[in-house]
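[1] Just need the structure, nothing else, for what follows:
(one chain, ligands or ions: 1)
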Amino acid sequence: MGLDDQTRAELKLAGASWVEFNSPMSKVRAAAICGFAASAGASMLDLGCGYGKLALLAGAQHRELDVVGVDSDALAIEHGRALVVERGLEGRVRFEVGDAGVHAVPLDVAVSIGSSHAFGGTREMFASLRSLGVKGAVVGDMVWTGSASSGLKELFGELPVGSEGLAVMASEAGWVLEDASLSSMEEWDKFEGGWIEGVRRVGTIEAETFADERAEFYQEYRGIAGFGWLYLTQQVGGLEETRLGARGLQETNEPKALLVTQSNHG
Ligand SMILES: C[S@@+](CC[C@H](N)C(=O)[O-])C[C@H]1O[C@@H](n2cnc3c(N)ncnc32)[C@H](O)[C@@H]1O
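    Residues are numbered from 1 along each chain as shown. Sure thing, here's the model as predicted:
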């Protein structure tokens, strides 16, 4: 459909604001990521945080965590800031408009979910996160999980194969792999279904057509383009090892609860 750039951007915004997270990430997985951050240190940096829902969750679940979300989209950051006030998280969660690729606040754990393009690519993201000197990182990024047609390869570009391929890139950049997994089909279907519904709710003919096109496109890549997740650590400041220690690669579709800590504060 020949949409002008502004209409396309508005419809994408409608989709993104209708879903909890702008990536195939369940609430259980999100809670596990926040738990990993809390167990690894006192502060978490979410690069390419979008509407900041993960950062807000981390701040609400782990009151001892200092959380910073960075995104280049000023509207998304404005939205996140309003939610900080609404949820009484001032002083614990803050949002900044900025470029993930050049952001260098030295916090304990860095998170990058669906944002590798902000660093110039997946390899660049791993190198850039490592150069922040953080103890740990959580990365979610596109991978191939099935045999892609040349058309899909052209659209998505070069992707690593499975979370193993993503893990190889991370270890080449010097990261220690703690855990790896893939988004489940349930996470994907919920994400895509919600995003498409958000577009449809705009209520225009353009929105309806755009939503139909996205639904059709999703059926083309469903199960072929996947989303890999890595929990990573690195030695910092001469420490023998991080608090998390090293674990082997296990390929499952379930987010790991191993590293989750319980918050007593709700
Ligand atoms: C797919 S969304 C993921 C958002 C969020 N991590 C989530 O999972 O809900 C990618 C985000 O990266 C942001 N982004 C793109 N380029 C960026 C850059 N150079 N610096 C910071 N953020 C960027 C976009 O504005 C968008 O919010």
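[2] In a strand, A110, correct?
    Yes. The assignment for A110 is a strand, going by DSSP: H, G, I helix; E, B strand; the rest coil.
[3] secondary structure element for whichever residue of the stretch 151-266 of the chain sits closest to the ligand?
    Distances between the stretch 151-266 of the chain and the ligand by CB to the nearest ligand atom are smallest at F191, namely 9.4 Å. Backbone N, C-alpha and C define where each C-beta goes, glycine included. Per DSSP states H and E, F191 falls inside helix 185-200.
[4] Name the residues of that helix that are buried.
    Within helix 185-200, the residues scored as buried using 16 or more other CB atoms under 10 Å are 187-188, 190-192, 194-196, 198-200.
[5] which residues of the stretch 101-250 of the chain score low on pLDDT?
    Along the stretch 101-250 of the chain, segments meeting pLDDT under 70 span 103-104, 106, 237-250.
[6] neighbours around E78, how many?
    By other CB atoms under 10 Å, 12 other residues sit near E78.
[7] I meant V84, not that one.
    The burial count for V84: 21, using other CB under 10 Å.
[8] just checking, it is part of a strand?
    No. V84: not assigned to a strand; according to three-state DSSP it is helix.
[9] any idea what sits nearest it, other than its immediate chain neighbours?
    Once flanking residues are discounted, V84 sits nearest to V93: 5.2 Å by CB to CB, 6 or more residues apart in numbering.
[10] Same check on D73?
    G50 (7.3 Å).
[11] part of a helix, is the one you found?
    No. With three-state DSSP as the criterion, G50 is coil rather than part of a helix.
[12] hang on, isn't it packed against V19?
    No. Counting by CB atoms under 8 Å, G50 stays clear of V19, with 9.7 Å between them.
[13] what about A170, neighbour count?
    Neighbours around A170, by other CB under 10 Å: 28.
[14] quick one: contacts of the strand or helix carrying M169?
    Secondary structure assigned from DSSP H and E places M169 in helix 162-172. Identification of contacts with helix 162-172 by CB atoms under 8 Å, 6 or more residues apart in numbering yields 122-123, 126, 139, 141, 143-145, 159-160, 177, 180-182, 226, 228-230, 232, 249, 251.
[15] surely the residue nearest to V84 meets L56?
    Yes. Assessed by CB under 8 Å, V93 is found in contact with L56 at 5.9 Å.
[16] and this structure, which residues reach the ligand?
    By CB under 6 Å from any ligand atom, the residues of the chain that approach the ligand are 21-23, 48-50, 70-73, 76, 99-101, 113-115, 118.
[17] who's in contact with the residue nearest the centre of the chain?
    The residue lying closest to the centre of the chain (CA atoms, centre = their mean) is I113, at 1.8 Å. By CB under 8 Å, 6+ apart, the residues touching I113 are 21, 23, 25, 46, 48, 54, 138-141.
[18] residue contacts, I196?
    Per CB under 8 Å, 6+ apart, neighbours of I196: 15, 211, 214-215, 218.
[19] try 6 Å this time
    211, 214-215 (CB atoms under 6 Å, 6 or more residues apart in numbering).
[20] and S149, how many neighbours?
    Counted with other CB under 10 Å, S149 comes out at 11.
[21] can you tell me how far the residue of the chain most remote from its centre sits from D189?
    The C-alpha centroid of the chain is most remote from I205, which lies 31.1 Å away (CA atoms, centre = their mean). Per CB to CB, to the nearest Å, I205 is found 26 Å from D189.
[22] just to revisit the earlier point, I figured the residue nearest to D73 hits N22, correct?
    Yes. Between G50 and N22 a contact is recorded at 4.7 Å, counting by CB atoms under 6 Å.
[23] Bridge partners for D66, pull those for me.
    Residues in a beta bridge with D66, per DSSP bridges, are S43.
[24] how far away is the residue lying closest to E187 once chain neighbours are set aside from A225?
    Excluding its sequence neighbours, the residue lying closest to E187 (CB to CB, 6+ apart) is P24, at 4.2 Å. The gap separating P24 from A225 is 10 Å, by CB to CB.
[25] Appreciated, that's everything.
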